[in-house]
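> next comes the sequence, and after it the predicted model I'd like to discuss.
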Amino acid sequence: MGFLGRCEVKNGAWCILPQPEQGLEKGECMRVTEAVRRILWCVGLWLAVLAVPLHAEAAVRDLYQARLPLDAGAAPEQSALFSQGLDQVVRRLVGPGRKLTDVRVEDLVIRYGYARDALGRRVFEATYDAAAVEAALARLGATPWTAPRPTTRLVVRAQAGHMTDQAGAHATLVAECLAQADRLGLPLNPAPPGIDAGEEGAAADSGNLVLALTLSEAGEGQWDARIQTLLGGQEAGTSQAGPATARALAEAAMTHHEAILRARLAPSEAAATGASPARRERRLVRIAVHGILQYGDYVGVASELRTFGALTELFLEEASPTTFIWLTNTNVPPESLIELLESGGRLRRQFGTDAVRADRLELEWTASP
């Protein structure tokens with residue numbers, strides 16, 4: 001029994017006789033309830049120890065199962081839901097900007113049905129044939145990210161003096177981030193309220209991965225947010241979002257985080273052709289954005305470039321009445337970069353031009369998704 005003592009029958013009942021170092025008089029029985037308490041304490045301690053790693057890799061619950069929230073009104077037709085679900089699966093596997101157009105979507109569906117998500121919303125679920133989806137992606141030259149993905153610690157905190165309902169904002173945004181993480185296939189482990197992002201990021205070893213959101217109220221049920229990805233306590237990328245609803249902020253935060261993870265961890269086009277991703281050098285790229293009419297447009301474009309392109313170093317090189325040109329340093333291929341930027345819905349490649357060149361992208365600002 002070790003730390004408990006020796007178990008014997010005494011006066012017709014089971015009793016645990018303590019070891020001398022346990023501070024009880026010789027012959028004094030330790031209550032069985034006290035022994036059980038010690039056992040449970042040790043079991044709980046070991047479970048806590050096992051739960052400590054934050055950057056453990058985790059297999060996504062089901063990469064090939066789509067979950068689509070349904071609005072309160074009439075649901076879309078089944079064929080439309082199948083197509084939207086396939087788009088979600090493809091996004092999860094290879095990132096934004098890809099679609100499977102040479103397949104009959106209904107033939108890829110293994111099973112489907114309806115359920116409730118963590119927010120209590122009714123969702124449509126569909127599971128797709130993994131081998132068929134991967135074969136279709138291979139025809140596009142895309143390599144799916146099927147390896148276990150790192151678990152991210154989510155830290156949501158309020159900027160001091162800028163929040164009236166911190167608990168409510170925390171709960172709402174965490175729930176929305178979990179829903180978005182599930183959509184993108186990114187394992188997420190929320191920290192309890194009051195955790196400091198810097199301490200959380202620096203406390204563990206160099207593999208620790210943290211997504212930190214610092215909120216301030218913007219009025220009418222909206223917030224502004226500073227979004228940070230921390231790796232081993234070091235900043236890997238920062239962006240600003242808002243004012244926006246909790247759902248829009250969660251989408252911006254998870255898209256920002258996904259772009260950074262894909263640039264560092266996901267298979268690339270180079271891997272599909274047998275080249276080493278590590279050999280792909282960073283290069284200067286100019287990003288020209290047309291249609292900037294006011295200061296709010298300028299701020300919105302800069303936010304989109306940082307959030308969806310994971311471009312943390314941006315330098316304004318040139319500005320005309322409606323066109324701004326930013327200079328940045330990236331190792332993301334031009335076509336992949338413009339697809340990331342278009343995924344936000346407010347930037348799109350300029351019509352009627354050679355929008356994608358090795359050292360320059362031409363985009364239009366639409367102001368709204």
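Arrived safely.

> where along the stretch 201-350 of the chain do the strands fall?
209-219, 222-231, 234-244, 283-290, 314-319, 323-330, 347-349 (DSSP state E, counting those that start in this stretch).

> let me know the angle separating the third one from strand 209-219.
Okay, so that is strand 234-244. Angle between the axes of strand 234-244 and strand 209-219 is 30 degrees (criterion: axes from the mean of the first three to the mean of the last three C-alpha atoms, to 10 degrees).

> and the fourth one, by the same measure?
With the same axes, to 10 degrees as the basis, strand 283-290 and strand 209-219 are set at 20 degrees to each other.

> give the buried residues for strand 283-290.
285, 287-289 (16 or more other C-beta atoms under 10 Å). Placement of C-beta: from N, CA and C, glycine included.

> for Thr127, see how far away the closest residue in space to Asp182 that isn't next to it in sequence is.
In space, and not counting its chain neighbours, Asp182 is closest to Arg67: 6.4 Å by C-beta to C-beta, 6 or more residues apart in numbering. Going from Arg67 to Thr127 by C-beta to C-beta, to the nearest Å gives 10 Å.

> and Ala169, by the same measure?
According to C-beta to C-beta, Ala169 and Thr127 sit 34 Å apart.

> those two - which one has more neighbours?
Higher neighbour count among Ala169 and Thr127: Ala169, with 22 against 17, using other C-beta atoms under 10 Å.

> which strand or helix spans the more buried one?
Following DSSP states H and E, one finds Ala169 within helix 166-184.

> what does that helix contact?
61, 67, 69, 88, 91-92, 117-119, 152, 154, 156-158, 163, 187-188, 190, 193, 211, 213, 215, 217, 223, 246-247, 249-251, 253-255, 258 (C-beta atoms under 8 Å, 6 or more residues apart in numbering).

> can you pull the buried residues of that helix?
166, 169-170, 172-184.

> for that helix, C-alpha coordinates in PDB please.
What follows is helix 166-184, C-alpha atoms only, in PDB (Å, rounded to 0.1, in the frame of the first residue of the first chain):
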ATOM      1  CA  GLN A 166     -15.700  40.800 -19.500                       C
ATOM      2  CA  ALA A 167     -17.100  37.400 -18.600                       C
ATOM      3  CA  GLY A 168     -19.800  37.600 -21.200                       C
ATOM      4  CA  ALA A 169     -17.400  38.700 -23.900                       C
ATOM      5  CA  HIS A 170     -15.000  35.900 -23.000                       C
ATOM      6  CA  ALA A 171     -17.600  33.200 -23.100                       C
ATOM      7  CA  THR A 172     -19.100  34.400 -26.400                       C
ATOM      8  CA  LEU A 173     -15.800  34.800 -28.300                       C
ATOM      9  CA  VAL A 174     -14.400  31.500 -27.000                       C
ATOM     10  CA  ALA A 175     -17.500  29.700 -28.300                       C
ATOM     11  CA  GLU A 176     -17.300  31.400 -31.700                       C
ATOM     12  CA  CYS A 177     -13.500  30.600 -31.900                       C
ATOM     13  CA  LEU A 178     -14.200  27.000 -31.200                       C
ATOM     14  CA  ALA A 179     -16.800  26.800 -33.900                       C
ATOM     15  CA  GLN A 180     -14.400  28.500 -36.400                       C
ATOM     16  CA  ALA A 181     -11.500  26.200 -35.300                       C
ATOM     17  CA  ASP A 182     -13.700  23.200 -36.000                       C
ATOM     18  CA  ARG A 183     -14.500  24.500 -39.400                       C
ATOM     19  CA  LEU A 184     -10.800  24.900 -40.300                       C
END
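
> and the angle for that helix with strand 209-219?
130 degrees.

> what's the neighbour count on Asp71?
Per other C-beta under 10 Å, the neighbour tally for Asp71 reads 9.

> need the per-residue pLDDT for it.
Asp71 is assigned a pLDDT of 76 by the prediction.

> repeat that for Pro277.
41.

> adding mean pLDDT and distance to Ala136, write the strands of the stretch 201-350 of the chain out as CSV.
Shown next, in CSV, are those (pLDDT from 0 to 100; distance: least, C-beta to C-beta, whole Å):
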stretch, mean pLDDT, distance to Ala136
strand 209-219, 84, 31
strand 222-231, 85, 31
strand 234-244, 81, 31
strand 283-290, 89, 30
strand 314-319, 82, 36
strand 323-330, 87, 28
strand 347-349, 90, 24
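
> quick check: which of the ones you listed is nearest to Leu361?
For Leu361, the closest of the strands of the stretch 201-350 of the chain is strand 283-290, at 5.0 Å, according to C-beta to C-beta.

> one step back: and the next helix or strand past the helix holding Ala169?
strand 188-190.

> what is that next one packed up against?
Counting contacts by 3 or more C-beta pairs under 8 Å, 6 or more residues apart in numbering; DSSP states H and E, strand 188-190 is packed against strand 152-158, helix 166-184.
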